[in-house]
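**Q** Here you go, sequence then predicted model.
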Amino acid sequence: MGEFTMPSLGADMDEGTLVEWLVEPGAPIRRGDPVAVVETAKSTIEVECFESGTMGRPLVEPGTTVPVGTPLALIETAAGTRGKAGRARKPRKEPQGPPAPERTRPAEPAEPVRTREPVASEAPGHGHVEAGPLIRHLAEEGGVDLAALRGSGPGGRVTRADIERAAAAAPTARAPTAQAPRARVTPLARRRAAELGVDLSSVAGTGKDAAIRAEDVTRAASGHAGVPSPPPRTTAAVRASRPSEDQAPAMRRAIARLMSRANRDVPHYYLSTTVDMAVAMDWLHDHNRRSPISERLLPAALLLKAAALAAHEVPELNGFWTDDRFTAGEGVHLGVAVSLRGGGLIAPVLRGADTLEVPALMSALKDLVSRARTGRLRGSEVSGATLTVTNLGDQGVETVFGVVHPPQVALVGFGRVVDRPWAVDGLLGVRPVVTVTLSADHRATDGAVGARYLTAVDRLLQNPEKL
């Protein structure tokens, strides 16, 4: 039996609020599946499970704020399930030797056991707590009467196979639902639908496997006559749906704590250089002329790829300062600073950015930015960055010096690509240029290492076809 705990989704996170469970007790889950929605001071994030098994009993109700590391639910792992099943099968194998004595011997002393078995047959959902919710859910979906079933499992328990056989044997009873199978609905979505009077059969789900989530219900409610479009203001889910209104003060406090600690504890040094972007912009314009609109690139894609490849070349800036020493990152995972519509920022992670082709990186960037601004990020996408990049070029800023996000040791800044007088081979002309800056932790590196990094970025941008 494992525990699903409140994760740490950033160096500045001390606690989180459970907004919504995405799976019900008894449902099978696999490693990497989103299990819950958690609200932090900065964003609302889907949190994945890190082991496979069966969703067990929730320990925390939605709307509850708990410290990082607090158990939220129990997860019955595959190993634990096999062990329990193995113990349950042993009594069934023992009668194969002397069947008659095995049946007669327990008649008197085992009377309490016999009283439990009829209960399991008459009300199978109460006979096995761990699988009960899933069995009842499957029976409800299939229109199966549990009280009429005789279970084939240990002790007369009703199994999933029993439900499937019973449902298949009664096709006429299931005809209406067979034409329109019910979609998965999260518990919070069911409650929200009841509150807003929304028919779940008319809601299109956007969760995993088209599961209907609370925000889908809220979105559908806006199109129902007589139903107010805003959700109730009494739950944590409200804050998740309107981060710009409710989360902004908490986000500013979280950013203030992290930046204050970074400026206090990290001895920064700063470098900058100006990069001629003429070759890169010519390549970009040529690529976009030959590509459909959906596949066109922004200068940010080239800048991020150059930053990632340079970090691969200069690994001293790609990693973490912990326990008074530097630890190189395993791979180049760029944290990309994204400004949120209601104020504040978050830095979702582009994993393996140095290995992505530029079009794939552009696509991943657009997806991350979109989901960051709508509160749809996953836990694995907000932690583990080895280097952060901030690009304020689209805001008109020409130069940005950022603050290192500990335990990282560097932050790269890109400004706006602007036309400037520029001398090439002794001739003065007007060229597009960009200012690239580096903020770095002096405990891990010095200016010579930072200079090597900026030189690598410049060289890479002069050969955009190789990015």
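**A** Nice, I can see it.
**Q** Just give me how far the longest helix seen in the chain sits from the chain centre.
**A** Taking DSSP state H as the criterion, the chain has its longest helix at helix 248-265. Its chain's C-alpha centre and that of helix 248-265 lie 23 Å apart, by CA atoms, centre = their mean, to the nearest Å.
**Q** what residue ranges in the stretch 51-200 of the chain score low on pLDDT?
**A** 78-142, 146, 152-161, 164, 170-183, 187, 191, 195 (pLDDT under 70).
**Q** Strands along the stretch 301-450 of the chain, start to end?
**A** Here the stretch 301-450 of the chain has its strands, by DSSP state E, counting those that start in this stretch, at 319-322, 325-328, 334-336, 338-339, 345-346, 349-350, 377-378, 387-391, 410-414, 418-424, 427-441.
**Q** What of the stretch 1-150 of the chain?
**A** Using DSSP E, counting those that start in this stretch, strands in the stretch 1-150 of the chain cover 2-5, 15-21, 28-29, 34-39, 44-48, 53-58, 65-67, 71-77.
**Q** want to throw these into TSV with mean neighbour count?
**A** Every C-beta, even on glycine, is put in place using the N, C-alpha and C of the backbone. Listed next are the strands of the stretch 1-150 of the chain as TSV, based on neighbours: other CB atoms under 10 Å:
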stretch	mean neighbour count
strand 2-5	18
strand 15-21	23
strand 28-29	18
strand 34-39	24
strand 44-48	25
strand 53-58	20
strand 65-67	14
strand 71-77	20
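**Q** For A211, find the nearest of those strands.
**A** When the strands of the stretch 1-150 of the chain are compared by CB to CB, strand 34-39 sits nearest A211, at 9.6 Å.
**Q** Give the other helices and strands that that closest one contacts.
**A** In terms of contacts (3 or more CB pairs under 8 Å, 6 or more residues apart in numbering; DSSP states H and E), strand 34-39 is packed against strand 15-21, strand 44-48, strand 71-77, helix 236-241.
**Q** Any idea which of those has the lowest pLDDT on average?
**A** Mean pLDDT per stretch puts helix 236-241 lowest among those, at a mean of 38.
**Q** Could you list the domains of this protein?
**A** The chain breaks down by automatic domain parsing into domains covering 2-78, 107-179, 187-241, 248-466.
**Q** now the last one: mean pLDDT?
**A** Spelled out, it's domain 248-466. Domain 248-466 comes out at a mean pLDDT of 94.
**Q** next one: it to chain centre, how far?
**A** Using CA atoms, centre = their mean, the offset of domain 248-466 from its chain centre is 22 Å.
**Q** Could you check the angle the very next helix or strand once past the longest helix of the chain makes with helix 248-265?
**A** Following helix 248-265 in sequence order, the next helix or strand is strand 268-276 (DSSP states H and E). Going by axes from the mean of the first three to the mean of the last three CA atoms, to 10 degrees, strand 268-276 is angled at 100 degrees with respect to helix 248-265.
**Q** who does strand 268-276 touch, helix- and strand-wise?
**A** Strand 268-276 packs on strand 418-424, strand 427-441, helix 447-461, going by 3+ CB pairs under 8 Å, 6+ apart.
**Q** Turn those into JSON lines, including mean neighbour count and distance to E313.
**A** Shown next, in JSON lines, are these (neighbours: other CB atoms under 10 Å; distance: least, CB to CB, whole Å):
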{"stretch": "strand 418-424", "mean neighbour count": "12", "distance to E313": "25"}
{"stretch": "strand 427-441", "mean neighbour count": "19", "distance to E313": "14"}
{"stretch": "helix 447-461", "mean neighbour count": "18", "distance to E313": "5"}
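**Q** can these go into TSV with extra columns for distance to A256?
**A** Formatted as TSV, the helices and strands packed on strand 268-276 follow (distance: least, CB to CB, whole Å):
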stretch	distance to A256
strand 418-424	32
strand 427-441	18
helix 447-461	27
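**Q** right, and those - which one's nearest A328?
**A** That would be, of the helices and strands packed on strand 268-276 and by CB to CB, helix 447-461, which comes in at 12.7 Å.
**Q** The residue nearest to R190 when sequence neighbours are not counted: how many residues sit nearby?
**A** Using CB to CB, 6 or more residues apart in numbering and skipping residues adjacent in sequence, the residue nearest R190 is L200, 7.4 Å away. Residue neighbour count, defined by other CB atoms under 10 Å, stands at 18 for L200.
**Q** A353 now?
**A** Residues near A353, counting by other CB under 10 Å, number 28.
**Q** 9 is where my numbering starts, stick with that
**A** Sounds good: first residue 9 from here, last item A361.
**Q** hang on, it packs against L342?
**A** Yes. Using CB atoms under 8 Å, A361 is in contact with L342, at 4.4 Å.
**Q** list the residues that contact both of these two?
**A** Jointly contacting A361 and L342 under the rule CB atoms under 8 Å, 6 or more residues apart in numbering are 312, 315-316.
**Q** quick check, nearest of those residues to P323?
**A** A316 (11.9 Å).
**Q** Please tell me how far that closest one sits from G61.
**A** 36 Å (CB to CB, to the nearest Å).
**Q** Likewise for R451?
**A** Applying CB to CB to R451 and G61 gives a distance of 42 Å.
**Q** where along the stretch 159-308 of the chain do the helices fall?
**A** Remark: helices assigned in the stretch 159-308 of the chain by DSSP state H, counting those that start in this stretch are 168-177, 183-187, 195-204, 222-229, 244-249, 251-254, 256-273, 286-297, 307-321.
**Q** Would you reformat those as TSV and include distance to P33 and mean neighbour count?
**A** Formatted as TSV, the helices of the stretch 159-308 of the chain follow (distance: least, CB to CB, whole Å; neighbours: other CB atoms under 10 Å):
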stretch	distance to P33	mean neighbour count
helix 168-177	15	16
helix 183-187	23	10
helix 195-204	9	19
helix 222-229	18	22
helix 244-249	19	21
helix 251-254	29	16
helix 256-273	30	15
helix 286-297	51	16
helix 307-321	42	24
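**Q** Could you check these and tell me which one is nearest D433?
**A** helix 286-297 (12.6 Å).
**Q** got the angle between that closest one and helix 307-321?
**A** Using the same axes, to 10 degrees: helix 286-297 against helix 307-321 is 120 degrees.
**Q** what angle separates helix 286-297 from strand 426-432?
**A** 130 degrees.
**Q** by contact count, what packs against helix 286-297?
**A** helix 307-321, strand 435-449.
**Q** of all the ones you listed, which lies closest to L395?
**A** That would be helix 307-321 among the helices and strands packed on helix 286-297, by CB to CB, at 5.2 Å.
**Q** so which of the helices and strands packed on helix 286-297 comes closest to G213?
**A** Among the helices and strands packed on helix 286-297, if distance is taken as CB to CB, the winner is helix 307-321, at 31.6 Å.
**Q** which residues are contacting the closest one?
**A** By CB under 8 Å, 6+ apart, helix 307-321 touches 285, 288-289, 292, 325-326, 340, 342, 344, 358, 361-362, 364, 366-367, 369-370, 373, 394-395, 397, 399, 401-402, 420, 422, 425, 442, 444, 460-462, 464-465, 468-469, 472, 475.
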